[in-house]
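S.K.: fold the following and give me the result.
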Amino acid sequence: MSFNSFLKTIFLSVLLTFFSCLGENSWEDLESEYDHVLNVFGLVSLDSLQPSYVGLYSTTDLDEISQIFVGVDTLGWCDCDDDECGWNEDCDTKEIEGYWILDSLFEPAALIKNASVMITDDNGNNYDFSYVESITLVDTVYFDTTFVIYGTTIEWDTTIFDTNNLRINLYIDSSGIFNPEPMTTYNLNINAPGYGPVTGALTTPNSASIDSLTQLGNSADTIIINEPFNIYWDLLQEGKAMVSGEVILGNWWDDSLANDWCGGYFDPFVIDLADNGSNPYTVYPGICSENLNQEAETRDYLIRLTAMDENYYEYFIVGEAGEYSNALLNYPTTKGRSVGIQGGFGFFGSIASNRMLLKITR
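M.R.: Okay, the predicted model is just below:
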């Protein structure tokens, strides 16, 4: 027998063995038979800019749909004479002046909307959280459009009201009386028809604060890109916090994603608020080598210090590193974990943020 014939024989044997193992069907149907429980994401926030909320979903079977179409949102009008809109072939084939930009809206099929959600503080005060599908935000934008005619100044202000309807699908304190305090215990109670009860407990973190920033040996209110800087914080007896930074582009008219800016960005990191030995922490932002020969530019630079309770730290910091990774998304998952709650999957935790607004220049 020649070597090629030998290879063909081995290949045929393997192929026949493979198909014989499959039996009558090439694929085996996977089924999941278990009592469904609630997936909970509950956050008690001491941050005035981040409201507290509870997200509530059901576990699902493998054959259930994940999203439900709920409508269409009109994002705005696009003029065919605009370079950013003229790519649409309808502008040429239908000879139209413009078109409305539409966006399809979906919501999770597993969303639970009819539950009773209550948070209780350690003094026995109860706070009912109600399901809210969407909220309406109105931004008031003022423009100074004063002009001069023949030496006479005409005072003229232009006001634009920008209305946005945002779908949130969350349980929130719609009464506005829930104002969580630091170092306070809060209990969560959830009852939904057809599901077992879910309870949870947490103790809110102490409010941490940024003391100062220094760069090149001096106290800094303006950060120079490509130079490391030090962050000092007020020491506490215990607790962990995450530090993050954000360059605020600040042009209301322009798309922030299209703005040509680099410098000042760094990966968020966690500090021990009680560790005097690591205070200050030196930040090394990513190096920017683009457009450094152009005219100097300055932007707002927001440094955020977010203290977290034990549950938040366990779920997002410890749990993220300890769970398996998704090889396709390259992102750790915490699916199926329960931190701070009993009777379901998910998380019940707390944060408290402090901010420092500076300038960054290049």
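S.K.: so the closest residue to residue 230 other than its chain neighbours versus residue 264, what's the distance?
M.R.: Excluding the flanking residues, the one nearest residue 230 by C-beta to C-beta, 6 or more residues apart in numbering is residue 280, at 3.9 Å. (C-beta placed from N, C-alpha, C; glycine too.) If you measure residue 280 against residue 264 using C-beta to C-beta, to the nearest Å, the figure is 18 Å.
S.K.: which one's more surrounded, the two?
M.R.: Per other C-beta atoms under 10 Å, whichever of residue 280 and residue 264 has more neighbours is residue 264, with 24 against 15.
S.K.: ok, that one touching residue 301?
M.R.: Yes: with contact defined as C-beta atoms under 8 Å, residue 264 reaches residue 301; the gap is 6.0 Å.
S.K.: identify the contacts common to those two.
M.R.: Both residue 264 and residue 301 are contacted by 223, 245, 247, 360, under the criterion C-beta atoms under 8 Å, 6 or more residues apart in numbering.
S.K.: among those, who's most crowded?
M.R.: residue 223 (23 neighbours).
S.K.: contacts for the helix or strand harbouring that residue next, please.
M.R.: Assigned by DSSP states H and E, residue 223 falls within strand 222-224. Strand 222-224 has contacts (C-beta under 8 Å, 6+ apart) with 213, 215, 216, 229, 264, 298, 301, 358, 359, 360, 361, 362.
S.K.: list just the nearest of those residues to residue 65.
M.R.: Nearest to residue 65 among the contacts of strand 222-224 is residue 264, at 42.5 Å by C-beta to C-beta.
S.K.: list the contacts for that closest one?
M.R.: By C-beta under 8 Å, 6+ apart, residue 264 lies in contact with 223, 225, 245, 247, 285, 288, 301, 360.
S.K.: which one in the residues you listed is the model shakiest on?
M.R.: pLDDT across these is lowest for residue 288, at 85.
S.K.: tally of neighbours for that residue?
M.R.: Residues lying near residue 288 (other C-beta under 10 Å) number 15.
S.K.: these two touch, right, it and residue 225?
M.R.: Yes: counting by C-beta under 8 Å, residue 288 touches residue 225, with 5.4 Å between them.
S.K.: mutual contacts of those two, please.
M.R.: Joint contacts of residue 288 and residue 225 (C-beta under 8 Å, 6+ apart) are 262, 263, 264, 362.
S.K.: among those, which one sits closest to residue 153?
M.R.: Nearest to residue 153 out of the shared contacts of residue 288 and residue 225 is residue 362 (C-beta to C-beta; 35.5 Å).
S.K.: what sits against the nearest residue to that closest one once chain neighbours are set aside?
M.R.: Sequence neighbours aside, residue 225 is the residue nearest to residue 362 in space, at 4.5 Å (criterion: C-beta to C-beta, 6+ apart). Residue 225 is in contact with 262, 263, 264, 285, 288, 360, 361, 362, counting by C-beta under 8 Å, 6+ apart.
S.K.: which ones among those residues are found in strands?
M.R.: 360, 361 (DSSP state E).
S.K.: could the contacts of residue 225 go into JSON lines alongside distance to residue 36?
M.R.: Formatted as JSON lines, those follow (distance: C-beta to C-beta, whole Å):
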{"residue": "262", "distance to residue 36": "47"}
{"residue": "263", "distance to residue 36": "49"}
{"residue": "264", "distance to residue 36": "46"}
{"residue": "285", "distance to residue 36": "46"}
{"residue": "288", "distance to residue 36": "50"}
{"residue": "360", "distance to residue 36": "49"}
{"residue": "361", "distance to residue 36": "54"}
{"residue": "362", "distance to residue 36": "53"}
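S.K.: pLDDT below threshold where in the stretch 151-300 of the chain?
M.R.: 156-158, 160-164, 250-260, 291-295 (pLDDT under 70).
S.K.: strands along that one, start to end?
M.R.: Assigned by DSSP state E, counting those that start in this stretch, the strands in the stretch 151-300 of the chain fall at 152-154, 157-172, 185-191, 198-203, 210-215, 218-219, 222-224, 229-233, 240-248, 269-272, 281-283, 298-308.
S.K.: let me know which of those strands is the nearest to residue 129.
M.R.: Once those are compared by C-beta to C-beta, strand 157-172 is nearest, at 4.0 Å.
S.K.: on that earlier part again, format the contacts of strand 222-224 as CSV; extra columns: distance to residue 174.
M.R.: Below are the contacts of strand 222-224 laid out as CSV (distance: C-beta to C-beta, whole Å):
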residue, distance to residue 174
213, 38
215, 44
216, 49
229, 42
264, 38
298, 40
301, 35
358, 35
359, 38
360, 38
361, 43
362, 44
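S.K.: and the residue nearest to the spatial centre of the chain, its phi and psi?
M.R.: With distances taken as C-alpha atoms, centre = their mean, the residue of the chain nearest its centroid is residue 50 (11.5 Å). In terms of degrees, to the nearest 10, the main-chain angles of residue 50 are phi -130, psi 100.
S.K.: so what's it closest to, chain neighbours aside?
M.R.: The shortest distance from residue 50 to any non-neighbouring residue, by C-beta to C-beta, 6+ apart, is to residue 353 (6.9 Å).
S.K.: number of nearby residues for the one you found?
M.R.: Residue 353, neighbours per other C-beta under 10 Å, totals 20.
S.K.: where are the low-confidence patches of the stretch 1-150 of the chain?
M.R.: For the stretch 1-150 of the chain, the ranges with pLDDT under 70 are 1-34, 83-87, 95, 137-145, 147.
S.K.: quick one: the strands in it?
M.R.: Using DSSP E, counting those that start in this stretch, strands in the stretch 1-150 of the chain cover 38-45, 53-58, 67-79, 98-108, 116-121, 126-144, 147-149.
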